[in-house]
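Student: fold the following and give me the result.
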Amino acid sequence: NWCSKGNATVLIVAPSNVVPIWAEQIARHGVSAPEWDVCLLKSGISTIKRREMAEQHYAEKGPGKISAFICNYEGVWQGKLGEWVGSRKWDVVIADEIHHIKSPGSKVSRFMAKLSSRAGRRVGLSGTPLHDGPMDIYGQARFLVPEVFGTSFSNFRARYAIMGGYGGYQVTGYRNVDEFRDNYNSFTFTAGPEEALKHLPPIIYDRRVCELSKPELKAYKELEHQFVTEVEGGLVTVSNALSKLLRLQQITSGFVSNMDGQEVQVGESKAKLLAEVMDEIPKDEPIVVFCRFKRDLATVHSVSKKLNRTSYELSGAKKELNLWRTAKGGEVLAVQLRAGGEGVPMFRAHYLIDYSLSFSLGEYQQSRARLQRPEQTSQVIAIALCAEHTVDEKIFKALEKKEDVIKTVLEGYR
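Tutor: Down below sits the predicted model:
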């Protein structure tokens with residue numbers, strides 16, 4: 001009922017790739033009375049220019065309408081735009097993919113916490129609110145309902161976390177779990193896949209494997225031996241393991257970084273596997289391929305070209321999602337995990353290939369949800385490409401068991 005008479009101002013904050021999607025969805029699903037006036041504050045222009053756009057739209061908003069200002073997390077708090085947003089009174093503030101403010105010390109999380117008192121209503125949306133564990137909820141709750149968990153992260157952590165590990169800075173367990181659950185449930189509502197996607201069968205998960213070539217295997221074994229030695233010597237911990245594991249994952253993709261920091265190709269084993277898998281998929285079926293590295297994206301394009309498939313890219317460098325969404329055949333969309341792992345609808349395809357797997361369970365689940373959406377009409381098939389006897393298989397098994405990937409992989413090496 002908050003918008004039944006119009007004259008409402010709404011701020012929607014979302015990841016950059018999701019900002020234009022909100023405008024599309026409002027145009028498609030927004031009720032006609034009251035009408036919506038949308039001000040799209042896209043990234044790529046200065047905060048001064050975006051503030052000017054917002055001020056003009058605010059001044060010209062029509063009576064009886066809902067004025068919606070849509071902005072990305074990276075820009076909403078910065079410069080002149082941040083000053084303007086923070087000085088307004090908002091009827092509603094919506095934080096889409098709200099886990100983006102889970103880090104309580106980040107500038108965007110602190111800004112959203114201050115914005116809390118200036119919003120009549122606050123809504124957070126996320127498929128993975130506890131992305132890496134219960135501690136993630138604090139930054140989100142500080143914006144939504146600061147009275148529930150308070151405004152001191154140290155007090156929150158002391159009440160619900162058991163600290164230990166190296167220097168006593170690692171969360172090793174949790175306390176007061178029932179109290180935490182009751183508080184969490186007091187301000188959250190969950191619509192599980194069984195309800196939101198009840199018309200769809202569950203995702204089919206498949207794994208396809210390849211053997212590394214001799215040069216790839218040699219490079220991999222050398223780096224793995226060094227990694228294991230550092231693990232045994234206590235030099236590698238959960239907090240610093242990611243960068244080292246990424247180097248192992250790079251080799252399974254067929255390249256290594258030399259002493260000068262340049263990427264050198266050492267093999268094509270996984271590229272050949274990708275070609276085999278894509279060739280088995282009907283030519284008129286669109287495909288989404290998730291990648292971590294830039295070289296992976298280039299490989300997807302190269303393989304697609306050899307198979308006479310048009311390919312597009314969604315990454316930090318290229319934004320070709322709409323070209324792929326409006327295409328009509330079996331086009332391929334190469335997606336960099338961080339750029340398209342959340343919030344972006346890709347239901348045009350029901351074939352998903354993981355060229356390089358995510359080390360984050362939350363990110364992995366989010367990428368599945370890009371295809372497994374209410375608009376989907378077919379069963380989603382997710383195919384993970386893994387090099388045998390490598391970190392690929394360890395990651396896949398941890399994700400399959402819904403475990404903390406880095407912790408599980410590290411314990412396996414220990």
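
Student: for the protein, give me the ranges with low pLDDT.
Tutor: For the chain, applying pLDDT under 70 flags the ranges 1-6, 17, 29-34, 62-63, 191-199, 340-343.

Student: report the buried residues of stretch 98-107.
Tutor: When burial is assessed from 16 or more other CB atoms under 10 Å, stretch 98-107 yields the following buried residues: 98-104. (Glycine included, C-beta is placed from N, CA and C.)

Student: distance to Thr408 and secondary structure for these - can I get that in CSV?
Tutor: Below are the buried residues of stretch 98-107 laid out as CSV (distance: CB to CB, whole Å; DSSP: H, G, I helix; E, B strand; the rest coil):
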residue, distance to Thr408, secondary structure
Ile98, 26, helix
His99, 21, helix
His100, 25, helix
Ile101, 27, helix
Lys102, 21, coil
Ser103, 23, coil
Pro104, 26, coil
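
Student: pick the one among the residues you listed closest to Thr188.
Tutor: Nearest to Thr188 among those: Ile98, at 10.8 Å, using CB to CB.

Student: with adjacent residues omitted, what lies nearest to the closest one?
Tutor: Leaving aside its sequence neighbours, Ile98 sits nearest to Gly124 (CB to CB, 6 or more residues apart in numbering; 3.5 Å).

Student: can I assume the one you found sits in a helix?
Tutor: No. Secondary structure of Gly124 (DSSP: H, G, I helix; E, B strand; the rest coil): strand, not part of a helix.

Student: so how far is Phe189 from it?
Tutor: Using CB to CB, to the nearest Å, Gly124 is found at 10 Å from Phe189.

Student: between those two, who's got more neighbours?
Tutor: Set Gly124 next to Phe189 and count neighbours by other CB atoms under 10 Å: Gly124 wins out with 22 against 5.

Student: which residues touch the more buried one?
Tutor: Taking CB atoms under 8 Å, 6 or more residues apart in numbering, we find Gly124 in contact with 94-95, 98, 140, 143-144.

Student: same question, Glu331
Tutor: 286-287, 309-312, 324.

Student: just curious, which of those is nearest to Arg247?
Tutor: Ser311 (26.8 Å).

Student: how much space between the closest one and Val335?
Tutor: 11 Å.

Student: and for Phe293?
Tutor: Applying CB to CB to Phe293 and Val335 gives a distance of 12 Å.

Student: the more surrounded of those two?
Tutor: Val335 (28 against 19).

Student: packing partners for the helix or strand containing that one?
Tutor: Assigned by DSSP states H and E, Val335 belongs to strand 332-336. Applying 3 or more CB pairs under 8 Å, 6 or more residues apart in numbering; DSSP states H and E, one finds that strand 332-336 makes contact with strand 287-291, helix 294-306, strand 311-314.

Student: which SS class is Thr53?
Tutor: Thr isn't right for residue 53; it's Met. Once three-state DSSP is applied, Met53 turns out helix.

Student: surely it meets Ser46?
Tutor: No. Counting by CB atoms under 8 Å, Met53 stays clear of Ser46, with 10.6 Å between them.

Student: neighbour count: the two, which is higher?
Tutor: Neighbour count, other CB under 10 Å: between Met53 and Ser46, Met53 has more, with 17 against 13.

Student: residues in contact with the more buried one?
Tutor: Neighbours of Met53 in contact, by CB under 8 Å, 6+ apart: 39, 41.
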